[in-house]
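**Q** Predicted model and sequence follow; I will ask about them next.
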Amino acid sequence: MRSFNRLGFLILAISLVAIVGFWIANKDEAKTPQANPFPIISPSASPTPKLRAISIVSSGDILLHERLWAQAKADGTDGSWDFFPQLADLEPVISSADLALCHLETPLAKLDVGYQGYPTFNVPPQITDAITKLGFDMCGTASNHSLDQGFSGITRTIETLDAAGIPHTGTAVSQEAASKPLIMDVQTTNGVVKVGILSYTYGFNGFERDADKAWSANLIDAEAIIAEAKLARSQGAEIVITKLHWGAEYTNKANEYQITLAQQLADSGQIDLLDGSHSHSVQPITQIGNTLVAYSHGNFVAAHREPTTIKSEGLVTRWEFVEDASGKFLLSCVKDIPTLIRDNRPVRVIDVNKALETGEYYGETKKRLEQAKARSDETVRALGFTKFCN
């Protein structure tokens, strides 16, 4: 009996010690700050969005004279025509951009049907294969040759571009299509950038749009351009580019018409880049307010058969835009890439800078390439623009 009482007392004492110890431990633990298993994260702790950057390449007229058809036939296989080899030297420049813009100056014919050259063009549709392979993402189609084959030519050109998967702007097959600005979702490293692209021309070489189809080809009008730019902005465009077919042919200077129109469009504050063509020669780059202006890129490819003049020299530009903290895109720099169209067979469009660096002259002389570079460099800088990439 005593042994049992002693044992019971011992168990009771041990239990009391354990209870007191547990109570003290929990009391101390309650005084110690504990990590919340479900922490509340304040908005300031969210990761800072990365600013976007976008590279945009533009180029001059794709003007398919008959000599270029013959070269495409020679470069093709099994009876097919291939325009790509004539242009392939510029593929690395074009395909490396986030967005690459082409200007298709002439109507497209049906395959093997009614091809025509200057002055009323109707050109081989195989050029679309080269446009795609080069890496162009869209083409402007408003030019002085838009109506060379009438409304049927516009329709055929658009159907051909659609079949090739090439977005386009400047001409239209319906009023509904004409009323919708082209806005492209451009995928960049840090997200999508929406770019609105417009295309307008000064005239149609004396041809008139059908009375009930004034919407079929865009004629330059400052108010209309600004209105479409505003519409593109309202539909989400973060950058707006207007392709302009304008100016005097075969001159390396902008004329008063170009200068006045550029000022009007820049004053609107709606357009980031005026992307010029038509002159078949390189013209200066400048900036008016916040609007960048490339007055003319000259020819991307053509056959004017004047291998020593400025008609054989062109320009490809690469515009580097960066986003600021407010979401606006500003120019970081532009890279100007002079080109030379080799007239002798095989016809080739040469990246002049690359040729001079590598010594691959494609049958041209170093002296001629240096001349093309010197003339282009002087022309694009003639108005004092300095934001060129190193």
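**A** All right, it came through fine. Numbers count the residues shown, from 1 in each chain.
**Q** partners of residue 239 in the sheet?
**A** Residue 239 forms beta bridges with residue 195, as assigned by DSSP bridges.
**Q** Have a look at this protein and report its longest strand.
**A** Determined from DSSP state E, the single longest strand within the chain is strand 329-342.
**Q** phi, psi of residue 155?
**A** phi -60, psi -50 (degrees, to the nearest 10).
**Q** Hmm, I typed the wrong one, I wanted residue 178.
**A** Given degrees, to the nearest 10, the pair of backbone angles that residue 178 has is phi -70, psi -30.
**Q** Correct me if wrong: it contacts residue 216.
**A** Yes - under the criterion of Cβ atoms under 8 Å, residue 178 makes contact with residue 216 at 7.2 Å. C-betas here are computed from N, CA, C, even on glycine.
**Q** Mutual contacts of these two, please.
**A** Common neighbours of residue 178 and residue 216, using Cβ atoms under 8 Å, 6 or more residues apart in numbering, are residue 172.
**Q** Look at those two and report which has more neighbours.
**A** residue 216 (22 against 19; other Cβ atoms under 10 Å).
**Q** Next up, the contacts around the more buried one.
**A** Taking Cβ under 8 Å, 6+ apart, one finds 151, 154, 171, 172, 173, 178, 209, 210 in contact with residue 216.
**Q** By neighbour count, sort out the buried ones in those.
**A** Neighbour counting by 16 or more other Cβ atoms under 10 Å classes 151, 154, 171, 172, 173, 178, 209 among the contacts of residue 216 as buried.
**Q** any idea how far residue 128 is from the fourth one?
**A** When you say that, I think you mean residue 172. 18 Å (Cβ to Cβ, to the nearest Å).
**Q** wait, is residue 128 part of a helix?
**A** Yes - per DSSP: H, G, I helix; E, B strand; the rest coil, residue 128 lies within a helix segment.
**Q** Would you agree it is in contact with residue 109?
**A** No - contact criterion Cβ under 8 Å: residue 128 and residue 109 do not qualify, at 11.7 Å.
**Q** Residue 358 - how many residues pack around it?
**A** For residue 358, using other Cβ under 10 Å, the count is 9.
**Q** scratch that, residue 264 is what I was asking about
**A** Residue 264: 14 neighbours (other Cβ under 10 Å).
**Q** do residue 290 as well
**A** 12.
**Q** separation between the closest residue to it other than its chain neighbours and residue 279?
**A** Take residue 290 and drop its neighbours on the chain: the residue closest to it by Cβ to Cβ, 6 or more residues apart in numbering is residue 269, 6.9 Å away. Distance from residue 269 to residue 279, counting by Cβ to Cβ: 27 Å.
**Q** Next: residue 119.
**A** Distance from residue 119 to residue 279, by Cβ to Cβ: 17 Å.
**Q** again with residue 305
**A** 17 Å.
**Q** Comparing the two, which residue is more hemmed in?
**A** residue 279 (28 against 11).
**Q** since we're on the nearest residue to that one once chain neighbours are set aside, how many residues are nearby?
**A** Of all residues not flanking residue 279 in the chain, residue 296 sits nearest, at 4.2 Å (Cβ to Cβ, 6+ apart). For residue 296, the neighbour count with other Cβ under 10 Å is 32.
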